[in-house]
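# output the structure for:
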Amino acid sequence: MRRSSSIRSDGHQGPWSDIYALAGVVYRALLNENPPDAVSRMREDVVPAKLRRRRAGGLSEPLVRSVEWALALDDEQRPQSVAEWKRAILGEVPVCSLPAWL
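Purely as a prediction, here's the structure:
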């Protein structure tokens, strides 16, 4: 697995860093708790299960899957632009990088 931060090994930050932070805010708004820190998630990632329960509670599948996508620990697996993430949130494009069971 790649580094757990939003800074790539070359020190470069980009939209994926801001998208990760925004997804953390959305996670907080949806679940009324902060997302677990990256180190904890590397040991046991509870984010998928918690978001899946919220989806079962009536939230839209594209929204929940998009939040999980944006919270990917590997920064290369996150949306690389706000426009890309927005299209996924709206359900205009599928979130392909996540397992189908989410």
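# which one's the longest helix in this structure?
helix 15-31 (DSSP state H).
# quick one: list the elements packing against the helix or strand of the chain with the lowest mean pLDDT.
In the chain, no helix or strand scores lower on mean pLDDT, DSSP states H and E than helix 47-56, which sits at a mean of 87. With contacts taken as 3 or more CB pairs under 8 Å, 6 or more residues apart in numbering; DSSP states H and E, helix 47-56 sits against helix 15-31, helix 61-70. C-beta coordinates here come from the backbone N, C-alpha and C atoms, glycine included.
# coming back round to it: which residues touch the longest helix of the chain?
With CB atoms under 8 Å, 6 or more residues apart in numbering as the contact definition, helix 15-31 has outside contacts at 6-7, 34-35, 47, 50-51, 54, 59, 64, 66-67, 70-71, 75-76, 78-82, 85.
# now the buried members of the residues you listed.
With burial judged by 16 or more other CB atoms under 10 Å, the buried subset of those is 6, 35, 47, 50-51, 64, 66-67, 70-71, 75, 78-79, 85.
# distance of the closest residue in space to residue 81 that isn't next to it in sequence from residue 21?
Nearest non-adjacent residue to residue 81, counting by CB to CB, 6 or more residues apart in numbering: residue 15, 5.3 Å away. For residue 15, the distance to residue 21 equals 11 Å [CB to CB, to the nearest Å].
# which one of those two is surrounded by more residues?
residue 15 (16 against 12; other CB atoms under 10 Å).
# for the more buried one, give its distance to residue 44.
28 Å.
# likewise for residue 75?
Distance of residue 75 to residue 44, computed by CB to CB: 20 Å.
# for residue 57, same thing?
Using CB to CB, one gets 22 Å for the distance from residue 57 to residue 44.
# what's the answer for residue 50, then?
From residue 50 to residue 44 the distance is 12 Å (CB to CB).
# for residue 29, same thing?
23 Å.
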